[in-house]
Structure formats: structure tokens, C-alpha cells
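J.: Need a 3D model of the sequence below.
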Amino acid sequence: MTAVVVGASSGLGRAIATELARRGQPLLLVASDARDLDAIAADLRIRHGASVRTLALDLASEPDPGARLVAALDGFPPLASLLLPVGMSRSDDDLGLEPRRIGELLAINLHAPLAIVHALLPRLREARGAVVLFSSIAAVRGRGRNVVYAAAKRGIESLAESLRQRHAPDELRVHLYRLGFLATNLTHGLALPTPAASPSDVAHAVVDRLPRGSGRWYLPRRFALVAAVVRVLPWPLFRTMRS
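T.: Here you go, the predicted model:
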């Protein structure tokens, strides 16, 4: 059975690919840079004897990423899981961001996951597989920073809920992770309110849960409490928060 990891070249995506390869899962790895993918695939083959193929795909500009993945999966074993730890944020992502940059952020964070999920749904349902989506603590409430990113991640939450409403649990398992701060290039050098979690620790938890039924989880788990507090803050107080 095959696992597809979209956003596999860095951060959480690379950690998930490594964890799946360690457990002997055949992989299709998707990211924008072919050279990065080739290096990762070679490493996983050497270290874990993994069966790995790659697909270089620029999600910011590809109009039909789902069709590209369907074609790339020809000849693979049945599709067991689709994991989408894909995301992009910008330091200038606020209400003054220019339209072209808005389009790029929405393409990567929302359009591509939607298109890929819909394209691969027939194969996933046939194999009674799992879709694994990743939202963010940034999507808990509206905010003055990371505006487009947060809006897109809230759309991912709606996608997960729609999939669970439409498909019976024995047809399709839907996993949604609401991520806190991870130690990746997106958080490098930032002054964070809590320590950033290791992507490898998060990947281990995600892969461990793959056989389970549908569900929603916070990772690291302490962010469930953070989100609960943010949700109940009175609006005048919440509005004073600028992060």
C-alpha cells in the first residue's frame, strides 16, 4: 500500500516521509524542487531500503495538481494514505499583501490540498484509506497577521469536516491536525511564546495514528489549552493581541 506525502522536502513533510520509510511504506514524495526530492529519496532508499518515487510540482503555479498526482501513481500499489503537511507563510502576510502574493499563498495552502484530495478520493475510498490534513493554531480566531495563511488553514478545517460528513468512516478516514509551533524554517529565529516542537516527534505521532478512525488532534497537545483560552477571550481583550 502506498503513501503520498505532499510537501515532503522540508520540515514536517520530510519528517513524515522518513518515519513512513522507516516502517517500510512505499512512498510517492511531492515537493517543488526536484533536486531536493532526489536527495531525500536516495537517502531513504539507502537508510531504510524504502521504495520511493518522486514528483516535482510547484503548487503555487500548477493549475491541476490533482491530475499530476493521479498520473504519477500509475503502477503503484493501492493508495493507503494521503498526507498533506504542506504550507507556506510570509512575514508580510497582513491586510496589505498584494493580490499576486495572496494567490500564491492560497494556491499552496488551500487550492492544492483541495484539488489533490478530490482527485485521489476514488483511490482512497477503494482502499478504505486515510486523508491527513494539517491546520494551524493560527486559524483559531481571526488576527492581524498571517491573514491569508490563517484563512486558508480555516478552509482546511472546513474541508476535513466536509469529508467526514460526506463519507462513512469505513469508506474514508479523515485526520486533522491543528499544529502549534514546530522547529522548521518558518519559525527559525522567531521569538516564540512556547518552545517549538520537533518535527520528528510530531511525525511519529501522525504515523502512529494512521490506522485509527477519523479524528482531530492538536500537536503538540498543549496547544489544545492555548486554543481553548483564545476562543473564550472577550473580544475587547482579544483585539489587543497583535500576534
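J.: Quick one: mean pLDDT for the longest helix seen in the chain?
T.: Under DSSP state H, the helix in the chain containing the largest number of residues is helix 147-166. For helix 147-166, mean pLDDT is 95.
J.: now the residue most central in space within the chain: how far from Leu210?
T.: The geometric centre of the chain, computed from its C-alpha atoms, lies nearest to Pro85 (Cα atoms, centre = their mean), at 2.1 Å. Per Cβ to Cβ, to the nearest Å, Pro85 is found 13 Å from Leu210. C-beta coordinates here come from the backbone N, C-alpha and C atoms, glycine included.
J.: who touches both of the two?
T.: Taking Cβ atoms under 8 Å, 6 or more residues apart in numbering as the contact rule, the neighbours common to Pro85 and Leu210 are Val132.
J.: if I pick Ser198, what's in contact with it?
T.: Counted by Cβ under 8 Å, 6+ apart, Ser198 has contacts 182-183.
J.: What of the one 5 residues further on?
T.: Ala203 makes contact with 12, 15-16, 18-19, according to Cβ under 8 Å, 6+ apart.
J.: Ala34 too?
T.: Applying Cβ under 8 Å, 6+ apart to Ala34 gives the contacts 54, 56.
J.: Mind pulling up the pLDDT for it?
T.: pLDDT recorded at Ala34 is 95.
J.: What of Ile46?
T.: 96.
J.: what does the one 10 residues further on give?
T.: pLDDT, the model's per-residue confidence, is 97 for Ala56.
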